[in-house]
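1. whatever this is, show me its structure:
(2 chains)
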Protein chains: 2
Amino acid sequence: MKQSQLFTKTQKFAPKDEKSKNAQLLIRAGYIHKEMAGAYSLLPLGIRAVENIKQIVREEMNTMGASELIMTGIQRKELWDSTGRWDDSVVDVWFKSELKNGSEVGFGWSHEEPIGDMMKSHITSFRDLPIHVYQFQTKLRNEMRAKSGIMRGREFVMKDMYSFSRNQDQHDRFYNNCIEAYKRVFDRLGVGDDTFVTFAAGGAFTEFSHEFQTVCEAGEDVIYINREKNIAINEEVLNDKTLESLGVAREDLEEVRTAETGNIFNFGTEKGESLGLYYTDDQGDKVPVWMGSYGIGITRLLGVLVEKFADEKGVVLPHGVAPFAVHLISIGQDRKAQEIYGALTKTGVDVLFDDRDIRPGEKFADSDLIGIPTRVVVSEKSLATGGVEVKKRTQEEVRVMPLDEFYEEINNHQG
Amino acid sequence: MKQSQLFTKTQKFAPKDEKSKNAQLLIRAGYIHKEMAGAYSLLPLGIRAVENIKQIVREEMNTMGASELIMTGIQRKELWDSTGRWDDSVVDVWFKSELKNGSEVGFGWSHEEPIGDMMKSHITSFRDLPIHVYQFQTKLRNEMRAKSGIMRGREFVMKDMYSFSRNQDQHDRFYNNCIEAYKRVFDRLGVGDDTFVTFAAGGAFTEFSHEFQTVCEAGEDVIYINREKNIAINEEVLNDKTLESLGVAREDLEEVRTAETGNIFNFGTEKGESLGLYYTDDQGDKVPVWMGSYGIGITRLLGVLVEKFADEKGVVLPHGVAPFAVHLISIGQDRKAQEIYGALTKTGVDVLFDDRDIRPGEKFADSDLIGIPTRVVVSEKSLATGGVEVKKRTQEEVRVMPLDEFYEEINNHQG
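-> Coordinates of the predicted model:
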């Protein structure tokens, strides 16, 4: 994409009411626009980064054999009444409204109930199970406070997956596979080493749920980890009983601040029973379906990556998440730059080409602020010394490389 | 995809309260699930078809030089107050709710106001214009009645594009380009010949807007067309003045029932003025930005395609929209079918492979109901007569073809 076609302008300052680093930088760089506290539009750079994160997650979910769908945002009161979760005193994040005929509707803060209910049309026999489905859904949650930028939104994108199984064995197999798939996701996002599978509060069915907690100073959670034993415990369940059951001593735990980037939840048969989701087993008996839910906070993850990797000059995003792989900057060499732009895009490299008629210093500052992994400068000087100047966003070193060598390096990196 | 992995079951009957043909068939075939009147979840087949339509639209919008983004669904009251469109007596399709602090919010039935307001952060000088942006947005509209299936939803997907121009000349150029881009979209969806650029009611700024009306018995609109002169007029503006200005006589017009699948709207400078969206022109004067909006009803289009092309056996969708290109059916030849499945997917052909252990008749009926363009049967009989049996969903003829020939045909068709 040519930068002259990118309508967003980088900004020196973020809105005064924006306290979080992730939103400040993403607004200044032109990734997002603040509509209100906790609700941000995704501008062209932002939608590209979010789609990249979604694609990584989608690939790993598909590899597990899960199918993508998308439920409605709008929700029926009666359905949520049936499980006791319509009342504001039970769930305090509902946005609710009314149809013209006066009946109340809500907007999806979760989709456990509708997806379980929908499955009643598709599950009758044990032969129909297991089923695994997921969606990328825009969730609406009426948060009291929304002050962490895109890390806690009133409107945000979540990947939520649901499993429907015959029995505990089938359920556990998928549950454990999901833990491994999530690890691959966090590895690919560059935060694998900093993300801990964490024991957290369970529900009616299990003592614990599993959270994926990513070390992040701006996070809202505190967990206790033992790196050696690879055990992590959310402070909400840190008590003698937990410590004993996990075989770890309090003094061997390190306290870290984290953001919850994923969670997985075992409903057992409880949710199926409350929704009336049963199947006929191989003995001809009607038994409840085992359910699990598995979330990843997609837009929150973008916020976490910015919080973790940004420096004083701006956003830093890993290759594969950044909206472009290469930031090509022309300094008075538009014809040559145009040629390089054509050659790169032809081989499928995502390039942002700064073809604007502004000072080099502005181009460099914008490039640092936007945070594309590889910056390539073509100037009279670079050509005189043999090619292009290549600089990684995360390194100080500038390398002058012949064009052929650069093409080879970048195309190897793509694959 | 293997059909054994597709959790949806085809159904003999649609829900009793579902009156529209498009929803009846799409529910029975497993494309959608009815959450409530006017709100349908997209199941794996449905999300694939919708994503295919989106991709066709996306490609044509990108070709025009427009950039994709996505605005928030949640909307600020004050912003819509500023243009006089918050009040339910002016806009009667708002879903509204409240934040915890008591301030009212709405859910986006349109995004003209927020996108115009957002552009104040990015447009200052004439050098910033023109700007063209679009989104695929889930719109929420509190419709009094919702009885046309996915052709009129309370929740639906729309592509809405917005143009920001210096002056009428720049505006008109994009506006006319958009008409051509839309024609390409409708051509690619197989309804180009049945879609008319139609004069319809304008706004405060122009006498007419342009609608794209697709001939469809289930549509809600009536238009009058003169095929020879290629003129189409919405009944809402059919009067002597319109006829005279277009140089056409009432008796030369044919009445047809249609569905509005697209519309384009010229706001002139009116919307910019009401939002305070100004720029500094090359004389240093502050002047209002010209705005236009350009919609395509994405989920409605899926409904229209079903209404137009379905037959008594089920859904029929054009290649490029259908969730898969090939429906591969094994009749007792799972090993050979698996080999064909592998060969096709390897060359990038989207295949639904019916590997289920059910009667051939059921497989054929499901295949007709789902409506994938090309059906390929591998059976003892087909192999004995030289290959596979190939049948187009829209034709009766069954051809026995050697595998190589089939591969060549299908791969040529893909390209």
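
2. the strand or helix carrying A:Gln135 to strand B:131-140, inter-axis angle?
-> Using DSSP states H and E, A:Gln135 sits within strand A:131-140. Interaxial angle, strand A:131-140 versus strand B:131-140 (axes from the mean of the first three to the mean of the last three C-alpha atoms, to 10 degrees): 110 degrees.

3. output the contacting helices and strands for strand A:131-140.
-> helix A:44-63, strand A:67-68, strand A:155-165 (3 or more C-beta pairs under 8 Å, 6 or more residues apart in numbering or on different chains; DSSP states H and E). Any C-beta I mention is one placed from the backbone N, CA and C, and that applies to glycine too.

4. in that strand, which residues are buried?
-> Of all the residues in strand A:131-140, those buried under the rule 16 or more other C-beta atoms under 10 Å in any protein chain shown are A:Ile131, A:His132, A:Val133, A:Tyr134, A:Gln135, A:Phe136, A:Gln137, A:Thr138, A:Lys139, A:Leu140.

5. what's the neighbour count on the closest residue to A:Thr347 other than its chain neighbours?
-> Among residues not flanking A:Thr347 along the chain, A:Asn411 sits closest, at 5.6 Å (C-beta to C-beta, 6 or more residues apart in numbering or on different chains). Neighbour count of A:Asn411, defined by other C-beta atoms under 10 Å in any protein chain shown: 13.

6. spell out the secondary structure type for A:Asn411.
-> helix (DSSP: H, G, I helix; E, B strand; the rest coil).

7. if I look at it, how far off is A:Glu389?
-> Using C-beta to C-beta, to the nearest Å, one obtains 19 Å as the distance from A:Asn411 to A:Glu389.

8. A:Lys100 contacts B:Arg154, doesn't it?
-> No. The pair A:Lys100 and B:Arg154 fails to qualify as a contact (C-beta atoms under 8 Å) at a distance of 9.8 Å.

9. more neighbours, these two?
-> The neighbour count for A:Lys100 versus B:Arg154, taken as other C-beta under 10 Å, is higher for B:Arg154 (24 against 13).

10. number of residues surrounding the residue nearest to that one when sequence neighbours are not counted?
-> Closest residue to B:Arg154 apart from its sequence neighbours, by C-beta to C-beta, 6+ apart: B:Gly38 at 3.6 Å. The tally of other residues near B:Gly38 (other C-beta under 10 Å) stands at 25.

11. so B:Gly38 is in contact with B:Met151, correct?
-> No. Counting by C-beta under 8 Å, B:Gly38 does not reach B:Met151; the two are 10.0 Å apart.

12. strands of the stretch 51-200 of chain A, start to end?
-> With strands called from DSSP state E, counting those that start in this stretch, the stretch 51-200 of chain A shows them at A:67-68, A:74-76, A:95-98, A:104-107, A:131-140, A:155-165, A:195-201.

13. let me see the domain layout of chain A.
-> Chain A breaks down into these domains under automatic domain parsing: A:11-73+A:108-309, A:326-414.

14. most tightly surrounded among these?
-> Among those, ranked by average contacts under mean count of other C-beta atoms under 10 Å in any protein chain shown, first place goes to domain A:11-73+A:108-309 (a mean of 20).

15. that one: end-to-end distance?
-> 20 Å (C-alpha to C-alpha, to the nearest Å).

16. mean confidence for that domain?
-> Per-residue pLDDT over domain A:11-73+A:108-309 has a mean of 96.

17. how about JSON lines for the helices and strands packed on strand A:131-140, with distance to chain B added?
-> Converted to JSON lines, these look like this (distance: least, C-beta to the nearest C-beta, whole Å):
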{"stretch": "helix A:44-63", "distance to chain B": "4"}
{"stretch": "strand A:67-68", "distance to chain B": "4"}
{"stretch": "strand A:155-165", "distance to chain B": "5"}
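
18. mind putting those in a markdown table, distance to A:Leu302 included?
-> What follows is the helices and strands packed on strand A:131-140, written out as a markdown table (distance: least, C-beta to C-beta, whole Å):
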| stretch | distance to A:Leu302 |
| --- | --- |
| helix A:44-63 | 6 |
| strand A:67-68 | 20 |
| strand A:155-165 | 9 |
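
19. so for B:Gly190, which of those sits nearest?
-> Nearest of the helices and strands packed on strand A:131-140 to B:Gly190, taken as C-beta to C-beta: strand A:67-68 at 24.9 Å.

20. I'd like to know which elements the closest one is packed against.
-> Contact here means 3+ C-beta pairs under 8 Å, 6+ apart; on that basis strand A:67-68 packs against helix A:44-63, strand A:131-140, helix B:44-63.

21. please redo it, this time with the cut-off set to 7 Å
-> Packing partners of strand A:67-68 (3 or more C-beta pairs under 7 Å, 6 or more residues apart in numbering or on different chains; DSSP states H and E): strand A:131-140, helix B:44-63.

22. adding distance to A:Leu403, write those out as CSV.
-> Shown next, in CSV, are the helices and strands packed on strand A:67-68 (distance: least, C-beta to C-beta, whole Å):
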stretch, distance to A:Leu403
strand A:131-140, 39
helix B:44-63, 28
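
23. excluding chain neighbours, what is closest to the residue positioned nearest the centre of chain A?
-> Per C-alpha atoms, centre = their mean, the C-alpha nearest to the average position across chain A is that of A:Ile298, at 2.3 Å. Leaving out its chain neighbours, the residue that sits closest to A:Ile298 by C-beta to C-beta, 6+ apart is A:Val157, at 4.3 Å.

24. sorry, back to before: of the strands of the stretch 51-200 of chain A, which is nearest B:Met119?
-> For the strands of the stretch 51-200 of chain A, the distance to B:Met119 is smallest for strand A:155-165, at 20.2 Å, taking C-beta to C-beta.

25. tell me what the closest one is packed against?
-> Secondary elements touching strand A:155-165 (3+ C-beta pairs under 7 Å, 6+ apart): helix A:44-63, strand A:131-140, helix A:168-188, strand A:290-297, helix A:298-309.

26. could I get the ones you listed as TSV with distance to B:Val287?
-> Formatted as TSV, the helices and strands packed on strand A:155-165 follow (distance: least, C-beta to C-beta, whole Å):
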stretch	distance to B:Val287
helix A:44-63	26
strand A:131-140	36
helix A:168-188	48
strand A:290-297	43
helix A:298-309	37
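
27. which one of those lies nearest to B:Val185?
-> helix A:44-63 (20.6 Å).

28. which residues touch the closest one?
-> Helix A:44-63 is contacted from outside by A:6, A:8, A:26, A:29-32, A:42, A:68, A:134, A:136, A:157, A:159, A:161, A:181, A:184-185, A:188-189, A:296, A:298-299, A:301-302, A:317, A:320-323, A:370, B:67-70, using C-beta atoms under 7 Å, 6 or more residues apart in numbering or on different chains.

29. relative orientation of it and helix A:168-188 in degrees?
-> Going by the same axes, to 10 degrees, helix A:44-63 makes 140 degrees with helix A:168-188.

30. put the alpha carbons of helix A:44-63 into CSV.
-> What follows is helix A:44-63, C-alpha atoms only, in CSV (Å, rounded to 0.1, in the frame of the first residue of the first chain):
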residue,chain,number,x,y,z
PRO,A,44,-6.7,0.5,8.1
LEU,A,45,-3.5,-0.3,10.1
GLY,A,46,-5.5,-1.6,13.0
ILE,A,47,-7.8,-3.9,11.1
ARG,A,48,-4.8,-5.4,9.3
ALA,A,49,-3.1,-6.2,12.6
VAL,A,50,-6.3,-7.6,14.1
GLU,A,51,-7.0,-9.7,11.0
ASN,A,52,-3.4,-11.0,11.3
ILE,A,53,-4.0,-12.1,14.9
LYS,A,54,-7.3,-13.6,13.9
GLN,A,55,-5.7,-15.6,11.1
ILE,A,56,-3.0,-17.1,13.4
VAL,A,57,-5.8,-18.1,15.8
ARG,A,58,-8.0,-19.4,13.0
GLU,A,59,-5.3,-21.6,11.6
GLU,A,60,-4.6,-23.2,14.9
MET,A,61,-8.4,-23.7,15.6
ASN,A,62,-8.8,-25.3,12.2
THR,A,63,-5.9,-27.6,12.8
